[in-house]
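[1] Whatever this is, show me its structure:
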Amino acid sequence: MASKRALILNQKDSVANVLEEVEPGDQIMANSGNDTLVIDAVERIPFGFKVALRDISQGEPMFKYGEIIGRASQAIRKGALVHVHNLEGVRGRGDLRRGRQ
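    Below you'll find the predicted structure:
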């Protein structure tokens with residue numbers, strides 16, 4: 001099993017950026033300062049893309065840089081690719097402010 005690297009940008013983050021190509025079954029070492037989280041990849045993740053650091057429920061806010069970057073449009077498994085297919089943006093969405101979804 002290969003070991004790959006990822007970077008956690010803030011301790012509040014629910015995702016990390018992978019620093020190299022990741023294949024299913026690879027072990028990802030996600031670093032945040034002095035702490036390292038070990039994650040097993042469940043699918044291919046291209047260089048620079050986001051990986052889920054834990055299981056994320058549908059509708060749950062997702063954090064990167066310590067800020068909300070969107071919400072999960074479906075349940076996301078720990079070690080899965082996080083991208084437009086399972087992450088919905090919420091910034092600048094006037095429909096959400098008015099209570100429409």
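[2] quick one, what contacts the residue lying closest to residue 19 once chain neighbours are set aside?
    Leaving aside its chain neighbours, residue 19 sits nearest to residue 5 (4.3 Å; criterion: CB to CB, 6 or more residues apart in numbering). Where C-beta positions appear, they are placed from N, C-alpha and C, glycine not excepted. For residue 5, the contact set (CB atoms under 8 Å, 6 or more residues apart in numbering) comprises 18-20, 28-31.
[3] quick one, phi/psi of residue 5?
    phi -110, psi 150 (degrees, to the nearest 10).
[4] Would you quantify the distance from it to residue 75?
    26 Å (CB to CB, to the nearest Å).
[5] Model confidence at residue 89, what's the number?
    The score at residue 89 is 88. That number is its pLDDT.
[6] what about it, neighbour count?
    12 (other CB atoms under 10 Å).
[7] Tell me which helix or strand in this protein has the weakest average pLDDT.
    Least confident element among the helices and strands of the chain, by mean pLDDT, DSSP states H and E: helix 94-97 (a mean of 60).
[8] center of the protein, which residue is that?
    residue 15 (2.8 Å; CA atoms, centre = their mean).
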